[in-house]
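>>> sharing a model prediction with you, sequence too.
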Amino acid sequence: MYRSLVLVALAAFVSLPAFARDTRHNFPIADAMSASDAREKLDPEIKFFFGAQKTPKVVKRIGEWGTNKKTNAFGKDDKVACEWAFLSAMLELQERVKKEGGNAVINIKSNYRGKETSSDETYECGAGAIMAGVALKGTVVRLSR
C-alpha cells in the first residue's frame with residue numbers, strides 16, 4: 001500500500017511541469033482577424049492598426065489602454081486558444097473605443113507579462129496546458145474620414 005502511494009505521488013510530481021507549461025507564440029494577426037468569429041464580432045466601423053502601420057490623420061488622441069485576456073486552453077490547439085484570447089482582447093479594445101467616442105485603435109502592441117513587443121504582422125500569446133492569454137495595448141483615437 002505504502003509503495004503504491006509513493007509511486008502515485010512520484011508520478012504526480014513528475015507530471016507537474018507539463019501543467020506549468022508557458023509557451024510563448026507569435027501568431028499572425030491576419031489569421032486571427034480573418035477568423036469567422038472575428039469577422040462576426042468586430043465592428044467594421046472601428047479600425048485597428050498594429051505596430052507601426054500607417055493610419056489616416058489622427059484628429060484626436062484620446063488615450064492608451066491595455067487588455068489582458070485569458071481563455072481555457074485545456075485540450076485545445078495553442079493557435080485556436082490564442083486566437084480566442086486575441087479576439088477577447090480586441091473586443092475589449094473595441095468597447096473602449098465606443099465608450100471613449102473614438103473610431104480606431106492605433107499602435108496596438110503585445111504586452112505579455114508586461115513586456116511590450118510591437119509588430120505589424122504578429123501578436124504574442126502565452127499558452128499553457130490549462131490557460132492561454134493575450135495582452136494588448138493600444139491608443140484610442142479619432143481618425144479623419
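That came through, no problem. Numbering: from 1, shown residues only.

>>> where do the helices sit along the protein?
Applying DSSP state H to the chain gives helices spanning 2-19, 29-34, 36-41, 78-100.

>>> may I see the buried residues of the last one?
It stands for helix 78-100. 78-79, 81-91, 93-94, 96-97 (16 or more other C-beta atoms under 10 Å). Backbone N, C-alpha and C define where each C-beta goes, glycine included.

>>> the longest strand along the chain: how far from the chain's middle?
Assignment by DSSP state E gives strand 58-72 as the longest strand of the chain. Its chain's average C-alpha position is 11 Å from that of strand 58-72, according to C-alpha atoms, centre = their mean, to the nearest Å.

>>> for that strand, name the packing helices and strands.
If you count contacts as 3 or more C-beta pairs under 8 Å, 6 or more residues apart in numbering; DSSP states H and E, strand 58-72 packs onto helix 78-100, strand 104-112, strand 131-143.

>>> that one pairs with which strands?
Pairing partners of strand 58-72, with direction, according to DSSP bridges: strand 131-143 (antiparallel).
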